[in-house]
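Participant: Could you work out the structure for the sequence below:
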Amino acid sequence: PVIWGSAPPVPHPCLVGISNDHARRLTLYLNCHAEVAFNGIDTSFYSPPPEGSTRSAKYLFVGRYTPEKNPLGMMVLCKRLKIPLDCYGDTEIIGSQEYLERCRHEADGILVRWYPGVTREKTVELYRSYKALLHLHSWREPLGLVPLEAMSCGLPVVTSRRGGPAETVIDGVTGYLCDDDQAAEKVLRSGCVKDIKPEACVARAQEFTV
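Facilitator: Numbering: from 1, shown residues only. Here you go, the predicted structure:
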C-alpha cells in the first residue's frame, strides 16, 4: 500500500487485503474501505507425510533471497548458534544480486547450506522432511503462504510476529511467534519445536484452504 499513493479513483473505493493486518494498512495508508480475503493453499497438494516418516534435525528456509525475506539474517543467526539450516530460494525475482551473493558467501556448506529454487513438488518433500520452518522475515508480510504450506505438511513454523503470519501461526501450538532476534534465539536454543504436534499444524492449515 505504501507505493500506491492513493486509493483507486472510483466513487466508492474498496480494496481487499490478504490478512487483517494487510487490510488495516490499506485503510491507514490509502484512507479507504478494505475487506479481507485470506490467500488459500491446496491442502490436497500440501499434505503431511505418511505415518512413521522421519524428519531431519535441520531447520528449513523456503523463499526468495531478498532482504525482506531475511535469509541472510537467519543464516548468520544459525551459524552463531551452531544450528543447521538448509535454504532454498528463488534466485531470479530477487531485486539485488549483491544480496544474493552475500547469502551465497554466508553459507558455509556445513552448518548452513544454500540451494537455488525448486519445484513446488520438491517443496512438499522438503516440508515433510525437516525439523521446522524458519521464517524470520524483516518486513510486514501481507500473509505468508510458505508457513501455511509448511503447516499443511505437518511442519512447525518459527516466524516473526509482524504481519500476516501472526494470524496464521498459533504461538505454542503450531509454532512460535518471535518479536525480535532475541526471542528467536531463545526458541532455537531451547529446541521447543519438538513439542509442536504435526497434527495441530495440519488442522490449522485446513482453515486456510483455497
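
Participant: Which residue ranges of this protein form helices?
Facilitator: All helices of the chain, identified by DSSP state H, fall at 20-30, 71-81, 97-106, 120-127, 145-152, 165-168, 181-190, 198-205.

Participant: I would like the residues contacting stretch 77-92, please.
Facilitator: For stretch 77-92, the surrounding residues in contact (CB atoms under 8 Å, 6 or more residues apart in numbering) are 57-65, 69, 71, 74-75, 100, 103, 106-108, 111-118, 123, 126, 130, 134, 136, 181, 184-185, 188-189. (C-beta placed from N, C-alpha, C; glycine too.)

Participant: To clarify, my last question referred to stretch 7-24.
Facilitator: By CB under 8 Å, 6+ apart, stretch 7-24 touches 25-26, 30-39, 140, 142-143, 163-164, 166-168.

Participant: Quote the end-to-end distance of it.
Facilitator: Terminal residues of stretch 7-24 are spaced 14 Å apart (CA to CA, to the nearest Å).

Participant: Can you show me the CA trace of stretch 88-105 as CSV?
Facilitator: Only the C-alpha atoms of stretch 88-105 are listed here, as CSV (Å, rounded to 0.1, in the frame of the first residue of the first chain):
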residue,chain,number,x,y,z
TYR,A,88,16.1,-23.0,-0.8
GLY,A,89,15.2,-19.8,-2.6
ASP,A,90,14.3,-18.0,-5.8
THR,A,91,17.4,-16.6,-7.5
GLU,A,92,15.6,-14.8,-10.3
ILE,A,93,13.0,-12.5,-8.6
ILE,A,94,15.5,-11.0,-6.1
GLY,A,95,16.0,-7.3,-6.7
SER,A,96,19.6,-7.3,-5.6
GLN,A,97,22.3,-9.5,-7.0
GLU,A,98,24.6,-8.2,-4.3
TYR,A,99,22.3,-9.5,-1.5
LEU,A,100,22.1,-12.9,-3.3
GLU,A,101,25.9,-13.1,-3.4
ARG,A,102,26.1,-12.3,0.3
CYS,A,103,23.8,-15.2,1.0
ARG,A,104,25.9,-17.5,-1.1
HIS,A,105,29.0,-16.3,0.8
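
Participant: Quick one: low-confidence residue ranges for this structure.
Facilitator: Of all residues in the chain, those with pLDDT under 70 make up the ranges 1-2.

Participant: Show the buried residues in the contacts of stretch 77-92.
Facilitator: For these, a neighbour count by 16 or more other CB atoms under 10 Å gives the buried set as 58-65, 69, 71, 74-75, 100, 103, 106-107, 111-112, 114, 117, 123, 126, 130, 134, 136, 184, 188.

Participant: related to what we said a few turns ago, now intersect the contacts of stretch 7-24 with the strands, please.
Facilitator: Assigned to strands by DSSP state E, the following of the contacts of stretch 7-24 qualify: 33-36.

Participant: What remains of those residues if I keep only buried residues?
Facilitator: For these, a burial check counting by 16+ other CB under 10 Å picks out Ala34.

Participant: For the ones in strands among the contacts of stretch 7-24, give me JSON lines that also has distance to Ile93.
Facilitator: Listed next are these as JSON lines, based on distance: CB to CB, whole Å:
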{"residue": "His33", "distance to Ile93": "31"}
{"residue": "Ala34", "distance to Ile93": "26"}
{"residue": "Glu35", "distance to Ile93": "28"}
{"residue": "Val36", "distance to Ile93": "26"}
